[in-house]
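Asks: The following block contains a protein sequence and its predicted model.
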Amino acid sequence: MQRVGVFICWCGTNISSTVNIEQVVAALENIPGVVYIKDYQYMCSEIGQNLVKDAIKEQNINRVVVASCSPRMHEATFRKAAAAAGLNPYLVEIANIREHCSWVHKDKEAATQKAISLTRAAVAKAILNEQLIPGEVGVEKRALVIGGGIAGIQTALDIAEAGYQVDLVEKTPSIGGKMAQLDKTFPTLDCSACILTPKMVDLALNSKINLYSYSEVTEVNGFVGNFEVTINQKARSIEMEKCTGCGICLAKCPAKKALSEFEEGLAKRAAIYTPFPQAVPNVPVIDRETCIKFVTGKCGLCAKLCPTGAIDYEQKDQIVNQKYGVIIVATGYDLINLDRFGEYQYLDHPDIITGLEFERLVNAAGPTGGKLVRPSDQKQPKKVVFIQCVGSRDKSERGKAYCSKICCMYTAKHAMLLRDKYPDCEAYVFYIDVRTAGKGFEEFQRRAVENYGVNYIKGMVGKIFPGDNQLQVNGVDALSGELLQLEADLVVLAAATQAKPEADEVARMLSISIDRDRFFTEAHPKLRPVETHCAGIYLAGACQGPKDIPETVAQASAAATKAIGVLSKNKLVNNPCVAKVEQAVCSGCLACIKICPYEAITEQVIEEKTRGKVRLRRVAEVNETLCQGCGGCTVACRPGAIDLKGFSNQQILAEVDAICR
Amino acid sequence: MNYSYYPGCTLKTKAQGLEACAFKSAQVLGVNLVEQEEWQCCGAVYPLAADEIGTKLASVRSLVAARTKGEKLVTLCAACHQVIKRVNHDMKTKEDMREKVNNYLQLKEDYQGESEVIHYLELLRDEVGFESLAKKVKVSLAGRKVAAYYGCLLLRPREIMDFDDPERPTILEKFLESLGASPVNYPYRTECCGGYLSIEREEVVEKMVNKIIDSALQQGAEEIVTACPLCKYNLENSSLCQKGEIVVSYFTELLAESLQVKEG
Amino acid sequence: MEKIREEIKEIVRQALASKEVDLILAWEKGQLWYDSYPAFFTEEQGVDSLVWDQFCVNNLSKYLLDDGMAGQKVGILVKGCDTLAFNQLVQDNRIIRDNVVLYGLPCSGMIDPAKVRREGLDRGLIKIKKTGDQLIFVNKEQQIKVLPTQVYYDKCLTCHYPNPVIYDRLIGEKVANETLATHAGRFSAVEELEELSTKDRFAYWDQQFSKCIRCLACRNICPACSCEQCTFDDSELEILGKAKENSEDKFFHLIRAYHVAGRCVDCGECSRVCPQGIPLEKLNRKLIKDINELYGEYQAGLDPSIKGPLVTYQLEDTDTFTAGERGRKQK
Amino acid sequence: MLREKITPDTTKKEIGQISEISDEKILDCLQCGKCTAGCPAIHGMDIMPHQVIRLLQLGQVDKLLASTTIWGCAACFTCLSRCPRKVDLSKIMEALRLIVLRTKGNQRLEIDKVPELLAKQIPQQAIVSGFRKYVK
Amino acid sequence: MSVIASDAVIKKEAGFEPLIVAFCCNWCSYAGADLAGTSRLNYPANIKIIRVPCSCRVNANFVLRAFQRGADGVIIAGCHPGDCHYMTGNYYTRRRMSLLKNLLEFIGIEEARFKIDWISASEGNKFAEVMNDVLAKVHQLGPNRKLRDSRWRR
């Protein structure tokens, strides 16, 4: 027999000033099943909670209804209180008579009637509530980090520091990502390599971290605590164990025509190459598309020269299967393609470059040894124009509607580095707005203007007209309304950042969502910024949205902390409000399987006896650890064989009936 | 293959050369251009106001006629192309306008933008093919340094005209290459000549066209081709042209020349 | 048809003799001229009474669900519309395809006895012959020529699948589709109703639903209604009472139609068997029409490997309720 | 001048008309100036293209109606093809011109001028354009 | 905020107090309703909310049952397409309820009685607007008799 106790909160005067509590109490007295009613000023206070606990013990009530604020606010509080008094916490129901009643209605009588109605519905539902016990599942104590840029590196190091095994999968031959390509970092102007390389080395030496470079994740199954992942280690054509990184092969390779990815195409590389000297692992890879041996079958010079015999032309891709408790996605970003911005002549003139190319051109380890020269004639520029927002804040088909966030700062950095190294070179920056929200950022940008004499122009460039020797940049100073025609030697475009092209595929594989710009979506933009909607999968860095290095590292450490939180548990408890199948009623049409976004429902064959005959029947089965409790399957199921615990068909119908009474 | 051909007012008067050469060349190329039986002036400028319907009807009538014949509608004048193509786009995408126009025209079957509008250059590129055009060239224009001038109307707005990249188009250059000529790339080839401003603001137009011609000359151009009668007029009216620095012709004139069908 | 009937009998006898199948579902002639009822044959000898004529309207596929069929290899005679139903049952995992041998029968339409009576053709009827595109009703005094369209079931007149869409063995020549291609017009009745005012539409349906006696024949015949336990029979949930009450009649028919949405093969059996003559196919076709218009053409039962429209979605799907994109056709 | 309101009530009607005729959203503009920077006809304009939108945002229609800018726009669509906010300035210019032309007595091209133009060998296309752009 | 405008429309005429049942998904629309509350945006008390985990949990049965038991209008509110907490739930809702809405209209139920809309957790304002709007329309239509069980009295 269900004995319902109802607890009505005044919330000070928040509820009681609009809802006549006495009247509510009186109305509830007549409802069958309600055996105890109590009202109090602050039900969520300790005294209030004790009222609930005492009633459970003393009044022998076995269902609790609290008419108070939104369940999103205090459902957890009252469930805890019930549990403390020995009642299954899922026997508690909340009637929302504050946010949905007293705060939105002015008419006291109407609000009181509605409060009665809502509480009655909660009672009707509570009577049908069942004891629910969350399931438990073990945790594989190993983390997978996808992506080896600064985000992935930081996350891996933090998790390893906490004592857990980490596998890091990086698509390219070396970790380091975009940060390894940068020259200096804002706002402190540290040398990027100087702060990144030690971390890369730490990672390589860390016994807890296993690095799969030149590898890709190809399949992910399972759920938090128990992800099953397939990794494809692409054939490097080098035996990692034998290679000493001596570099003879790189130097002697006759095929040196490929454009270096690391140098943004500003230099050539050999067919056998390590992307950059500090690469981790310091093992080359053969680019089979340009290697003479692979293309023509003749050559094999590197194999002849290799002192340890590490070259293996026959090497095949290798498949690794591994289980993980958590996954951190740190796949980074790209710059947009500038094909459609013909007015800037990026594709048509070598002296128009992107910000990332500029980083390589001023880098001491870059193709020019750090000497800034024009790609066209290797002469030092005397006038450099920087153009911001190339494709950012651009809602046309060719751009991105969002702000790329990092360009204002790196452009200020570029201009400052330029003026510092070459004081006789003029720098002009075209901008729409300068955005410098960040610690020390505004001061940094102002320094560029005030101390380094960088000319900031609010306005944009209409078109660049390449002349015989210079680039005629036609722009406007929108504030003064004057047209500008600058004869520049070099133009640097702050191309918009964008999500990686493979983001869709990664999202699909991991069952996480992406936004309209194809960045991964966090579980909550404010309160759960590193989690995804899929438990156990976390986000770090620019794959979630444009980010600078400090933010990326902060998020990486946050993601690591979240991951460690899961790894540190031996068992995970899950939400018990999940779907369940009544197999006797299930017809096995399996529509539920087709629509389940979590692959939580599987097919099972059962034996059944009817009329003395044994028959085999196909039915659905719910994996309670995978099910997240959306209830979509319950509607796809016509006979109602699949139902949702905590929000059952019967419960919702009872609520409807109670509200309509 | 048969195509419905929309000539436009200028081609029947000031720009007869553009049309005559196009027709003769088409014959050689095995393309049958059939002039529409009835056509009205398209209005020369696409009516930009959202509340204008009447000025778009002439285009719709031609589009409907092409639909009836089941043929693509081919244009030659850049201005007509812009007007008809954009009106067609409106009929396809703007429900409100479609309803009003159809209500007014009282056709047997509502027109919903079914016809396809292509410019003569697109015909050469997509239907004839520049490669097969090159094979039919009788007199190669080898050694001639020609600057292609695009103007605005064929290229912009990009999404609607869907003609070529408005900032770095290639169709005219590829066309010239197929005739054996050496196209000259110069940055002003997509800048506006001033268009109809020449009616009351000649001084503005003068500045605009001189920049274009100057840029072409700097890159070594010896002549300019264009697809638009108004562009040609404005370019020729420039002081640089008047001084005899450069000549301007229609692209079809070069085409006819290389196919040896140009008279005189 | 007679020639084919003999061919069918021979094939059935052989199949039973060779143990290719354990039993065969077919039709048998009853006492009355219009009576060709479902029957199953297990012995070669019994096959003589098997019939194939223009009254074999019954769809036999749903008999495959009978517990008695479990573990047996079953042969079944199927018309075009029956195969759609069969496929739907396969898609719903109610039948294992490999356990069934399908004998496909092209069908040019079935005769509606009610129409025959209405035309007065049943008086003294001896037999019905088919020549070319005409039917000849033979009675003692005379032979009356009739166009099939006068006597065929309505559902046959809008049939688009006169030939089986799946079979193991086809018996007889395929029927040319054009002869029946008024398929496109199958939504005209729905469109007529859509044109009415809300008030008139309600009046129409209110009157129709009020005739319902809740005999559940529509449900029982329906190849898309194949649940182990129907939700209307769930005594615990009690979504539907037993009273004869207008709102409950509506509830029943709306949910019935809604439950087969995206799976209804449009065989028209529900309205055929309704003793009260409720035009249930109009509800089904309304849903089919909306699905086709909103989410792309879909024919249930054509290909079981294609996901039904309600268990899939497109990111850019339209809807019929938000202000911006009303999928509903503007009038 | 001290402003109390960004868009004064007095010009709300005209602003509404302009939005209606042009079907463009003036609030989308970020004032980046790209339209001005690339405008090939800028030399005949007294108010810059990006300022046109700013003035509209400020409700100062009168200044625009009196400007040379609206008659100097060649409708070449360069600004539209580059605008990061997809604002079609040519449509706004057209709307401004129409507000002038649709007012009685405000025609800019007279029939009498045509013979003179024809004498100059100007193509028909330009004259027709002129009638469309300068007369209503 | 001035979304109380419809108070004027909904005069207490003829003693008709419509009852509207609103099914709100826990993550977006229910939270949006909470936000309407914390922002003190008024809407009439005739609207009563039932919490469901996702709009895809709402069965056609629930809608019809509400109408049967005396509701004059029914609302289903979920996250905007693309924002579903369960990734795909509202995409199914969109298809299911598009069909149900048309079907109800087809048998002669007034279109305004059944409202489906997307309301995010940040759209407290929209929540109040939609509620006011539905109520105003239902009020104009008068009581639902077409689907109501004649034995059921409020």
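Replies: Yep, that arrived. What you are looking at is a predicted structure, and each value in this text was computed from that prediction instead of being measured.

Asks: right, and E:M97 touches E:G78 too?
Replies: No - in this structure, E:M97 is not within contact of E:G78 by C-beta atoms under 8 Å, at 9.1 Å. In short, each C-beta sits where N, CA and C put it, glycine included.

Asks: and for those two, which residues touch both?
Replies: Common contacts of E:M97 and E:G78 (C-beta atoms under 8 Å, 6 or more residues apart in numbering or on different chains): E:S55, E:I116.

Asks: These two: which has the busier surroundings?
Replies: E:G78 (32 against 24; other C-beta atoms under 10 Å in any protein chain shown).

Asks: Can you report phi and psi for that one?
Replies: Main-chain torsions, E:G78, degrees, to the nearest 10: phi -140, psi -180.

Asks: so how far is E:P53 from it?
Replies: The gap separating E:G78 from E:P53 is 10 Å, by C-beta to C-beta, to the nearest Å.

Asks: what residues are shared contacts of these two?
Replies: Joint contacts of E:G78 and E:P53 (C-beta under 8 Å, 6+ apart) are E:C25.

Asks: quick one: D:V100 and D:S67, what's the gap?
Replies: When D:V100 is compared with D:S67 (using C-beta to C-beta), they lie 10 Å apart.

Asks: Show me which positions of the strand or helix carrying A:A83 end up buried.
Replies: A:A83 belongs to helix A:71-84 when assigned by DSSP states H and E. Across helix A:71-84, burial judged by 16 or more other C-beta atoms under 10 Å in any protein chain shown covers A:P71, A:R72, A:M73, A:H74, A:E75, A:T77, A:F78, A:R79, A:A81, A:A82, A:A83.

Asks: What about chain B: which of those residues touch it?
Replies: Checked against chain B using C-beta under 8 Å from any C-beta of the partner chain, those give no members in range.

Asks: Give me the buried positions along stretch A:512-524.
Replies: For stretch A:512-524, by 16+ other C-beta under 10 Å, it's A:I512, A:S513, A:I514, A:D515, A:F519, A:F520, A:T521, A:E522, A:A523.

Asks: Let me know how buried the closest residue to chain C within chain B is, in neighbour terms.
Replies: Closest contact between chain B and chain C, by C-beta to the nearest C-beta, is at B:E95 (8.3 Å). The local packing of B:E95 (other C-beta under 10 Å) involves 11 other residues.

Asks: ok so, going back, which one of the buried residues of helix A:71-84 sits closest to chain B?
Replies: Once C-beta to the nearest C-beta is applied, the member of the buried residues of helix A:71-84 that ends up nearest chain B is A:R72, at 41.9 Å.

Asks: can you pull the contacts of that closest one?
Replies: By C-beta under 8 Å, 6+ apart, the neighbours of A:R72 are E:N26, E:Y30, E:A31, E:D34.

Asks: Quick check: bridge partners of C:L170?
Replies: C:G104 (DSSP bridges).

Asks: what about A:Q388, which SS state?
Replies: strand (DSSP: H, G, I helix; E, B strand; the rest coil).

Asks: That one reaches A:Y428, doesn't it?
Replies: No - between A:Q388 and A:Y428 there is no contact under C-beta under 8 Å: 11.2 Å.

Asks: Which of these two has more residues huddled nearby?
Replies: The neighbour count for A:Q388 versus A:Y428, taken as other C-beta under 10 Å, is higher for A:Q388 (27 against 21).

Asks: Next, find the distance separating the more buried one from A:V461.
Replies: Applying C-beta to C-beta to A:Q388 and A:V461 gives a distance of 10 Å.

Asks: shared neighbours, these two?
Replies: A:F430.

Asks: Can you give me the buried ones in stretch C:294-314?
Replies: Under 16+ other C-beta under 10 Å, the buried positions of stretch C:294-314 are C:294-295, C:298-301, C:304, C:308-313.

Asks: got the residues of chain E near chain C?
Replies: So chain E meets chain C at E:60-61, E:64-65, E:67-68, E:81-82, E:88, E:91-92, E:94-111, E:115-118, E:146-151 (C-beta under 8 Å from any C-beta).

Asks: one more time with 7 Å
Replies: E:60-61, E:64, E:68, E:88, E:91-92, E:94-103, E:106-108, E:110, E:115-118, E:146-151 (C-beta under 7 Å from any C-beta of the partner chain).

Asks: what sits against the residue nearest to the spatial centre of chain B?
Replies: Most central in chain B under C-alpha atoms, centre = their mean is B:A78, positioned 3.0 Å from the mean C-alpha point. With contact taken as C-beta atoms under 7 Å, 6 or more residues apart in numbering or on different chains, B:A78 is in contact with B:G151, B:L153, B:L154, B:A227, B:C228.

Asks: you'd agree the third one is up against B:C80?
Replies: No - B:L154 is not in contact with B:C80 according to C-beta atoms under 7 Å; the separation is 10.9 Å.

Asks: okay, the two: which has more neighbours?
Replies: B:C80 (29 against 26).

Asks: show me the contacts for that one.
Replies: B:C80 touches B:Y6, B:G8, B:C42, counting by C-beta under 7 Å, 6+ apart.

Asks: mind checking how far the second one is from B:L48?
Replies: Spelled out, it's B:G8. Counting by C-beta to C-beta, the gap from B:G8 to B:L48 is 19 Å.

Asks: try the first one
Replies: For B:Y6, the distance to B:L48 equals 21 Å [C-beta to C-beta].
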